[in-house]
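Visitor: Sequence first, then the predicted structure, then my questions.
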Amino acid sequence: MLALGHSLDRAGAEGATGPDSAWRAVTAWIRGDDIRHLIVLRAHHLSPAQHIRLLRLRHDTGLHLVLVWHSRDPLSPRLEMSAGTRHHITDDLAAVTRRLAPPHRDTQTRADTAELPAVPDSDAATFLTDAAAALSRTDYTRVAAVYHHAVDGADRRLTDCGRSPDLARRMLGCLPTPRSHLRTLYGTIPHGRALHWHTTVGLYRFLGDLVADSPGRNHTLTRLRGAQAAFEQHGLTLTLPPNLAYMVGPGLTTIAITDQIATRIRAHTANPAHAAALATLLFTGATYRELTFLPRCAVTGDTVIFCGARGAHHPADLGVG
């Protein structure tokens, strides 16, 4: 837990008080962070029970486990492995380091990550004109750059959708397994309804992608107006709520999950379930009640589908997508 950047005291306060719960938390963090390699120094000092725990962690996460034995004593019988466990014993350091993947460095950054100044509450037809009249030249240049970037992105997305002969079939192919409950659901839905469903889900995902990393409300409003302009260029009308400037939700009142935010969550939240819930609250704007209403079957891979307000005690609170 310490190597993963979590306080043991905080882990105890969050319920990871015993070995089993602590190892479950370690397993969840390793899988969630997509850690591929684990190197354990001074492994000859560990007990057989600790060796078994590490081998089980390797099995549960699929990571490449390296146990460094700072001793000339033979590994056996102190290190017991099942007959099916693939392993290799070597004293060649280069043979080990060659298997390690290079560190990942994300070089893609947005040109404008700071929040924009207050923008006019205008529709797409007059948005830029009103912004030019209300803002300084410097502020207007920033707003126009974000606006046109959204126009170009939406235009490419709409053009790609127009080239797809069967959007529903293409999206069906992305579902994870043949036994997926969503595949079963497809077998009971008429073709026309499935097409409408995918058009709706595709629009939600497009709008979600558009505002997911927005630094604030003004940035979001500018991107959405740019998307509306792109839709108009394709002969489509993207209708948005008339009171966007005062609404709550993703990109409006939520907090963008930056590397800095993720680091703070990791450092102060040892329980992976609590960390996931906090991150979900921040980037979706969903309330605690809405998240507890979400059934487990709604989560498929990296996709969450809200199943509607049927059966909810407070359906008015379920206005999330």
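Guide: Yep, it's here. Numbers count the residues shown, from 1 in each chain.
Visitor: low-confidence ranges in the stretch 201-321 of the chain?
Guide: Along the stretch 201-321 of the chain, segments meeting pLDDT under 70 span 201, 287, 290, 294-321.
Visitor: Going by residue numbers, what spans are strands in it?
Guide: For the stretch 201-321 of the chain, the strands defined by DSSP state E, counting those that start in this stretch occupy 299-300, 303-304.
Visitor: Also the stretch 51-200 of the chain?
Guide: 64-67.
Visitor: which residues of it score low on pLDDT?
Guide: For the stretch 51-200 of the chain, the stretches with pLDDT under 70 are 74-78, 83, 101-113, 161-189, 191-199.
Visitor: got the buried residues for stretch 243-259?
Guide: For stretch 243-259, a neighbour-count test (16 or more other C-beta atoms under 10 Å) marks 244, 247, 249-252, 254, 256 as buried. (C-beta placed from N, C-alpha, C; glycine too.)
Visitor: Let me know the closest of these to Met1.
Guide: Set against Met1, the nearest of the buried residues of stretch 243-259 by C-beta to C-beta is Ala256 (27.5 Å).
Visitor: contacting residues for that closest one?
Guide: For Ala256, the contacting residues are 212-215, 283, by C-beta atoms under 8 Å, 6 or more residues apart in numbering.
Visitor: Distance to Ala273 and neighbour count for those - can I get that in JSON lines?
Guide: Compiled in JSON lines, those are given as follows (distance: C-beta to C-beta, whole Å; neighbours: other C-beta atoms under 10 Å):
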{"residue": "Ala212", "distance to Ala273": "22", "neighbour count": "15"}
{"residue": "Asp213", "distance to Ala273": "24", "neighbour count": "14"}
{"residue": "Ser214", "distance to Ala273": "27", "neighbour count": "24"}
{"residue": "Pro215", "distance to Ala273": "28", "neighbour count": "17"}
{"residue": "Phe283", "distance to Ala273": "16", "neighbour count": "18"}
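Visitor: Same list (the residues you listed) but as a markdown table, adding distance to Ile89.
Guide: Output for the contacts of Ala256, formatted as a markdown table (distance: C-beta to C-beta, whole Å):
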| residue | distance to Ile89 |
| --- | --- |
| Ala212 | 47 |
| Asp213 | 46 |
| Ser214 | 52 |
| Pro215 | 52 |
| Phe283 | 45 |
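Visitor: Fine by me, we can end here.
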